[in-house]
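Novice: here is a sequence together with a model predicted from it:
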Amino acid sequence: MHIGIVTETYPPETNGVALTVQSMVQGLRARGHSVHLVRPRQRDEADADDTMLAPAAAIPGYATLRFGWPVDRRLKRAWRARRPDAIYVATEGPLGACALRCARRLGIPATTGFHTRFDHYATHYGLGWLTPLVRAYLRRFHRRAAATLVPTDALARELRTLGVENVRLLHRAVDTVQFDPVHRDDELRAQWGASERTPVMLYVGRIAPEKNLQLAIHAYYAMRQRCPDLRYVWVGDGPAREAVQRAHPEFVFMGMQHDEALARCYASADVFVFPSRSETFGNVILEALASGLPTVAFDSGAAHEHVRSGHNGYLIDDGDEAAFTAACVKLIRDERYRDMRASARGSVAALNPDAVIADFETLLLGVHASGRAPRQARALGFTGHPRDSGART
């Protein structure tokens, strides 16, 4: 098959969506499919035969992340010249909306991915009044696709409640070779000020308001009353990093980490605390469990699928912040801790990235065979960009 994949984020950007889409692209190519990738330009780079780069702008509040402007003329010309059998649109920004428009006009079946609850984010940035508008936009966007792919049954139910009926399940996996307790590094722990017996609490992800960071910080100080030598290591970056670092100079900030360095951070910690309530999934939970880290998280997304209280961590009813903190305190001195580490690894050991790519391939083949193009509807809210004149930008 010849497959078009459109995304607003892609490595070297580091986030769950970027890495998930990259694994899809690499997996499909490894299975013999040709993939035409459409994404924003991230630096001074040119289009390649298999990649189209769109003009980009920084997302407000996220200087390291960019969204793509619509490129309707270029994209239609490229897809007419070599027509994709199926299209996957990973993100709902202007570039994603452009891709759905072009697919509809060319009669090419398109699927979408639902990765981020943007309707939940507005409240965290003082824009709660926008939530109904964002939700309406997401509903219109995904209803124009032949199918919308989600990682959990719970999220499928949420989308159906939102009014999106064409929902299909595509599970997530984790690289259990990269993320493995064998990568524990005593020298790295020493850099964190941790001895062999010092417990280390880990955060991995965007350091941003929507991640509910104050709950994790509160839990840390409650845990430290039982373990005065507890260390807290933060991996990632974001708009709230400077404020958190200034207010808590005792925390260890590692910045963005990738590949082997990221795997060492996971394996060298002892507990993983995930306070977010705005995730559609949370890939970091799978990475932490694969690295042998007992995890405390709210009962949603990846945690709902893979965390079992008292077995590989603690699963907390959504919104019960007192119970969340109490579970963190309990975990730090739980007599079953060693068994929980082994159980954490075991709970995701069977997840197979190759199987996920095979399922994705099957979904795309099914959409192609059905010949179902996106629904005819009014154009999404983005109609083009003045720079989209047809010339390469």
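Specialist: Sure, I can see it.

Novice: so where's the stretch 151-300 of the chain uncertain?
Specialist: The model of the stretch 151-300 of the chain has no residue with pLDDT under 70.

Novice: switch the cut-off to 80
Specialist: 278-280 (pLDDT under 80).

Novice: quick one, strands of it?
Specialist: Secondary structure of the stretch 151-300 of the chain by DSSP state E, counting those that start in this stretch: the strands cover 167-169, 200-204, 231-235, 252-253, 271-274, 295-298.

Novice: mind listing residues that contact the helix or strand following the last one?
Specialist: By that I understand strand 295-298. Going down the chain from strand 295-298, the next helix or strand is helix 301-306, by DSSP states H and E. Counting contacts by Cβ atoms under 8 Å, 6 or more residues apart in numbering, the residues outside helix 301-306 that touch it are 151-152, 154-155, 172, 274, 279-283, 285-286, 289, 295, 297, 312, 315, 347-348. All C-beta spots, glycine's among them, are computed from the backbone N, C-alpha and C.

Novice: gap between helix 301-306 and the chain center?
Specialist: 14 Å (Cα atoms, centre = their mean, to the nearest Å).

Novice: how about stretch 170-179?
Specialist: 13 Å.

Novice: what residues sit buried inside stretch 320-333?
Specialist: By 16 or more other Cβ atoms under 10 Å, the buried positions in stretch 320-333 come out as 321, 324-329, 331-332.

Novice: quick one: mean pLDDT for it?
Specialist: For stretch 320-333, mean pLDDT rounds to 94.

Novice: okay, buried residues for stretch 170-183 please.
Specialist: 170, 172-174, 176, 179-181, 183.

Novice: that older thread, which among the buried residues of stretch 320-333 gets closest to Asp50?
Specialist: Phe324 (44.5 Å; Cβ to Cβ).

Novice: so is that closest one in a helix, a strand, or just coil?
Specialist: Assigned with DSSP: H, G, I helix; E, B strand; the rest coil, Phe324 falls in the helix class.

Novice: if we ignore the residues flanking it in sequence, what's nearest it?
Specialist: Closest residue to Phe324 in three dimensions, ignoring its sequence neighbours and counting by Cβ to Cβ, 6 or more residues apart in numbering: Ile316, at 4.7 Å.

Novice: and that neighbour, how many neighbours does it have?
Specialist: When counting by other Cβ atoms under 10 Å, one arrives at 24 neighbours for Ile316.

Novice: make 360 the starting number, not 1.
Specialist: Will do, 360 is the new start, and the previous item becomes Ile675.

Novice: for it, name its beta-bridge partners.
Specialist: Phe657 (DSSP bridges).

Novice: you'd agree it is up against Val666?
Specialist: No. In this structure, Ile675 is not within contact of Val666 by Cβ atoms under 8 Å, at 9.3 Å.

Novice: just the helices in the stretch 510-659 of the chain please.
Specialist: Along the stretch 510-659 of the chain, counting by DSSP state H, counting those that start in this stretch, helices occupy 512-521, 545-550, 572-583, 600-606, 618-627, 642-649.

Novice: how is the chain partitioned into domains?
Specialist: 361-532+711-729, 540-707 (automatic domain parsing).

Novice: one step back: what's the most distant pair in the buried residues of stretch 679-692?
Specialist: Maximum distance among the buried residues of stretch 679-692 (Cβ to Cβ): 17.3 Å, for Glu680 and Ile691.

Novice: which of the residues in stretch 458-468 are buried?
Specialist: Applying 16+ other Cβ under 10 Å to stretch 458-468 flags 458-463, 465, 467-468 as buried.

Novice: tell me the one of the residues you listed nearest Val594?
Specialist: Once Cβ to Cβ is applied, the member of the buried residues of stretch 458-468 that ends up nearest Val594 is Ala458, at 32.0 Å.

Novice: helices and strands around the helix or strand hosting that closest one, which ones?
Specialist: Using DSSP H and E, the element containing Ala458 is helix 453-465. Applying 3 or more Cβ pairs under 8 Å, 6 or more residues apart in numbering; DSSP states H and E, one finds that helix 453-465 contacts strand 361-365, strand 393-399, strand 421-427, helix 431-440, strand 445-448, strand 469-472, helix 490-502.

Novice: kind regards, and thank you for your time.
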